[in-house]
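Asker: coords below, sequence missing:
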C-alpha cells in the first residue's frame, strides 16, 4: 500500500486496515474525515476536491514518513478523495498501526493535521442555494485565509477579510494549475516546509521600485513572501525600461508601485501587495514600517536612505541597503543589535544629494542594479528565514566592471548614538531654488551674479563665453571655501543643474539669503 | 617610505582615471595619503565625506599606515 494516495473512488477502509495489520502491533488508530452539510453558516449540498498533484503527492508521502519517524509507529497510510463527493461521504482516511495505542493516536493526529495544513488540496463547496465557491483547505503549502500567529499579531483585524478574498483568488488560480510551486526551494534544508511558512507569514517593505527595487520585489514575491509593501511615487518612464524589465512600454506614464503590484500578483496570487505611491519621508515611514518585519532600501537618494535608517533604528527592524554608481554598488545590512553599525555609524556626515558625484552619474547598465538587488533579496530572505545574515557587519563593495567584490568590515561607531538627526534636505523647497533663463546674458541682466561651480577640467573641455563673475568649483565649497560673500544675489551654474541645485540648498542652509540654481544647467541655455 | 596599494571607487575612480594604483609614499596616515593623491588627481570630495578601509577594515583617518597596506577610499553612493 502506498503511504499516501489520491482516490477518485470511495475509500476502501477494510483494505487499508488489512494493509496496516502487523503481528507486532497491539494498536490500530484511524481517522475519517466526512463531507458535512454546512460550512461557515452555509448549507452545503456536495463537495468537489482538487489537488495540485505534482506537489501534493510528494508532500503527503513526506508527512507519513515524518509521522513514522517521529512516533516510531509500525505502519501508516493516508488516502484522500478527489473529485465529486456527496454529503456523508468519506473525504480522507488515515490509518496507523503500532505497538501501543498512544503512538498510534499521536501519529494519526499528526498526519491529518499536517495533511490539512501542508498538502495543496482545494475544495469547491456547492451550496443548497445554488451558489458555489472554492475554499482553500486549511493553509496548504501556500497562502490561505489561515495565517500564522505571528502574522495575526502584526496584521490589523481589517486585513483578515482581505486575506480571505485572496484565498479564493488563489484557489481559482490553482484550479487552472497556475499556482506557484515552491518545492525547489522547500527542498533546501535551510528552507523546508517550516521555512516556507515563515516566508508566507513574513512581510517586507520595499522602498523604491526602480533598478534595485524591481529584482528585490520579483524575487521576494516569487519566493512566497506573504505581504510586500511597495513604496514609489514615480511613474514608469521610457528611460527606466533598460534596467527595470518588470515594466513594459505600455506602462509608461503609469504609477510604478501600482504596475509592480499587478505584475507581482501574477507571480504569487496568494500574497498581499500594499501600494504606497508616495515618497517615503520622515512623516510616513515609521508608520508604514511598523507593519512589516523588515525594510529593503532601493531608493536613489541619500535623504531617503537616511530616513529609512532612522525608521529602522527607531522600530528595531532590520534594513537592507544598497546603492549603485555606474558599474559599482555598495551593500550594507543593518540589524537591530547593540554591536551592529547603522548607516549613520558608517557615514556620520549624511551626504547631501547632488554634492557627491557629478552630473553624469545617471549612467548605468541594467545588470548592475539587478545584481545588487538580487543580493538584497537574498539577505531579506535570510532574515525572514532566521538564517545568519553575515558573520560580521560589513560594507560590501562590488565593482562589476573590474569584477571585484570587497567585504569591508564595519564596526559600530562609538560616536554614533544611532539616533536620527534632522535632515535639512527638505527644509527648503527645491522648486523655490531654481530659476529658468533662456541665456546667461538674460540671467545677468536680471541682476544676478553668476557663479560657475564646474571643476577646472570641465571648463577646459567646454567653456561657453558669458558674463560669469565667479569660477569657484564645487570642490572648493566642499573644502569649506568662504570666498563668496554671503550678501550677494547669486545664480549658481553647472553642467546640468544637479550640483548647482544641491549647492544652492546647502548655501541657503548656511545663511545665504539669495542663492539660486540655473535650472537644467549650461546644457539648457543658449550662449 | 611605505609601499601602498590604493583602490578607488565611484567618482574617485573617474577622477583618478584608474581603479587601482601602487605607490610609494611618506604619508603615515590615511588622511595624509588622501591629501597627497587628492592634489595629484584633483579629487573634488573633501575627506569628511569619505570613508577609508585598510586591509578590508574601516579605519580612522589618523590610524597608522604600514608598508604593504591595501587602502580603499570610498565615497557614499545613492543610485537606485
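Answerer: Yep, it's here. As the structure is a prediction and not an experimental result, all values here were calculated from the model.
Asker: Now whichever residue of the stretch 351-500 of chain A sits closest to chain B. Nearest residue, chain neighbours left out?
Answerer: Distances between the stretch 351-500 of chain A and chain B by CB to the nearest CB are smallest at residue A:475, namely 3.3 Å. Placement of C-beta: from N, CA and C, glycine included. Across the structure, with CB to CB, 6 or more residues apart in numbering or on different chains as the measure, the residue nearest residue A:475 apart from its sequence neighbours is residue B:44 (3.3 Å).
Asker: and the one you found, that one's in a helix?
Answerer: No: remark: residue B:44 does not belong to a helix; assigned using DSSP: H, G, I helix; E, B strand; the rest coil, it is coil.
Asker: And it, how far from residue B:16?
Answerer: The spacing between residue B:44 and residue B:16, counted by CB to CB, to the nearest Å, is 12 Å.
Asker: What's the first helix or strand after the lowest-mean-pLDDT helix or strand in chain B?
Answerer: Between all helices and strands in chain B, the lowest mean by mean pLDDT, DSSP states H and E belongs to helix B:10-16, at a mean of 89. Once the chain leaves helix B:10-16, the next helix or strand it forms, by DSSP states H and E, is strand B:20-25.
Asker: which neighbours does that next one have in its sheet, and in what orientation?
Answerer: Its sheet considered, strand B:20-25 pairs with strand B:2-8 (antiparallel) by DSSP bridges.
Asker: Buried residues of the partner strand, list them for me.
Answerer: Applying a neighbour-count criterion of 16 or more other CB atoms under 10 Å in any protein chain shown, one finds B:2, B:4, B:6-8 buried in strand B:2-8.
Asker: Need the contact partners of it.
Answerer: Identification of contacts with strand B:2-8 by CB atoms under 8 Å, 6 or more residues apart in numbering or on different chains yields A:406, B:16, B:18-27, B:33, B:37, B:65-73.
Asker: burial count for residue B:74?
Answerer: 23 (other CB atoms under 10 Å in any protein chain shown).
Asker: Would you list the phi and psi of it?
Answerer: phi -130, psi 120 (degrees, to the nearest 10).
Asker: does it really touch residue B:56, like I thought?
Answerer: No: taking contact to mean CB atoms under 8 Å, the distance of 11.9 Å between residue B:74 and residue B:56 leaves them out of contact.
Asker: shared neighbours of the two, anything?
Answerer: Between them, residue B:74 and residue B:56 share the contacting residues residue A:408, judged by CB under 8 Å, 6+ apart.
Asker: Centre-most residue in chain B?
Answerer: In chain B, the centroid-proximal residue (CA atoms, centre = their mean) is residue B:73; its distance is 3.8 Å.
Asker: what are the ranges of the strands in the stretch 351-500 of chain A?
Answerer: For the stretch 351-500 of chain A, the strands identified by DSSP state E, counting those that start in this stretch occupy A:394-399, A:404-409, A:434-435, A:449-452, A:468-471, A:490-493, in order along the chain.
Asker: Partner strands of the fifth one, with direction?
Answerer: Paired with strand A:468-471 in the same sheet, following DSSP bridges, are strand A:449-452 (parallel).
Asker: Touching the partner strand from outside, list them.
Answerer: By CB under 8 Å, 6+ apart, the surrounding residues in contact with strand A:449-452 are A:440, A:443-444, A:459, A:466-472, A:484, A:488-494.
Asker: residues contacting the spatially closest residue to residue A:89 that is not a sequence neighbour?
Answerer: If you skip the residues right next to it in sequence, residue A:89 has residue A:35 as its closest partner in space, 5.2 Å away by CB to CB, 6+ apart. Contact criterion CB under 8 Å, 6+ apart gives A:44, A:46-47, A:85-89, A:91 as the residues in contact with residue A:35.
Asker: Mark which of the residues you listed are buried, thanks.
Answerer: A:44, A:46-47, A:85, A:91.
Asker: if we look at chain B, which of those are close to it?
Answerer: Intersecting the buried ones among the contacts of residue A:35 with the contacts of chain B gives an empty set (criterion: CB under 8 Å from any CB of the partner chain).
Asker: What parts of chain B come near chain A?
Answerer: Taking CB under 8 Å from any CB, the part of chain B that reaches chain A is made up of B:7, B:9-11, B:13-14, B:19-20, B:42-46, B:48-49, B:51, B:53, B:56-58, B:72, B:74-80.
Asker: Give me the more crowded residue out of residue B:44 and residue B:16.
Answerer: For the pair residue B:44 and residue B:16, the greater number of neighbours falls to residue B:44 (25 against 20), based on other CB under 10 Å.
Asker: how far away is the closest residue to residue A:227 other than its chain neighbours from residue A:37?
Answerer: With sequence-adjacent residues excluded and distances taken as CB to CB, 6+ apart, residue A:227 is closest to residue A:203, at 3.9 Å. Taken as CB to CB, the spacing of residue A:203 relative to residue A:37 amounts to 38 Å.
Asker: just residue A:363 next, same as before
Answerer: Going from residue A:363 to residue A:37 by CB to CB gives 67 Å.
Asker: which one of the two has more residues nearby?
Answerer: When residue A:363 and residue A:37 are compared on other CB under 10 Å, the one with more neighbours turns out to be residue A:37, at 13 against 9.
Asker: what sits against the more buried one?
Answerer: Contacts for residue A:37 were tallied using CB under 8 Å, 6+ apart; they are A:43-44, A:87.
Asker: can you do 6 Å?
Answerer: With CB atoms under 6 Å, 6 or more residues apart in numbering or on different chains as the criterion, the residues that contact residue A:37 are A:44, A:87.
Asker: Columns pLDDT on top of the buried residues of strand B:2-8, output as a markdown table?
Answerer: Below are the buried residues of strand B:2-8 laid out as a markdown table (pLDDT from 0 to 100):
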| residue | pLDDT |
| --- | --- |
| B:2 | 93 |
| B:4 | 96 |
| B:6 | 95 |
| B:7 | 92 |
| B:8 | 92 |
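Asker: and residue A:216, that one's in a helix?
Answerer: Yes: counting by three-state DSSP, residue A:216 falls inside a helix.
Asker: For burial, what's the neighbour tally of it?
Answerer: Burial of residue A:216 is recorded as 32 neighbouring residues (other CB under 10 Å).
Asker: Could you do residue A:261 as well?
Answerer: Other residues near residue A:261 number 21, with proximity taken as other CB under 10 Å.
Asker: so it is in which element?
Answerer: Following DSSP H and E, one finds residue A:261 within helix A:256-267.
Asker: Which SSE is immediately downstream of that helix?
Answerer: With elements assigned by DSSP H and E, the helix or strand that comes after helix A:256-267 is strand A:272-276.
Asker: Just the buried residues of whichever helix or strand comes after that following strand, please?
Answerer: Tracing the chain past strand A:272-276, the next element assigned as helix or strand by DSSP H and E is helix A:285-289. By neighbour count, and taking 16+ other CB under 10 Å as the criterion, the buried residues in helix A:285-289 are A:285, A:288-289.
Asker: repeat for stretch A:111-121
Answerer: Residues A:111-112, A:114-121 are the ones in stretch A:111-121 that count as buried (16+ other CB under 10 Å).
Asker: a helix runs through residue A:323, doesn't it?
Answerer: No: the assignment for residue A:323 by three-state DSSP gives strand, which leaves it out of any helix.
Asker: Which strand residues bridge it?
Answerer: residue A:330.
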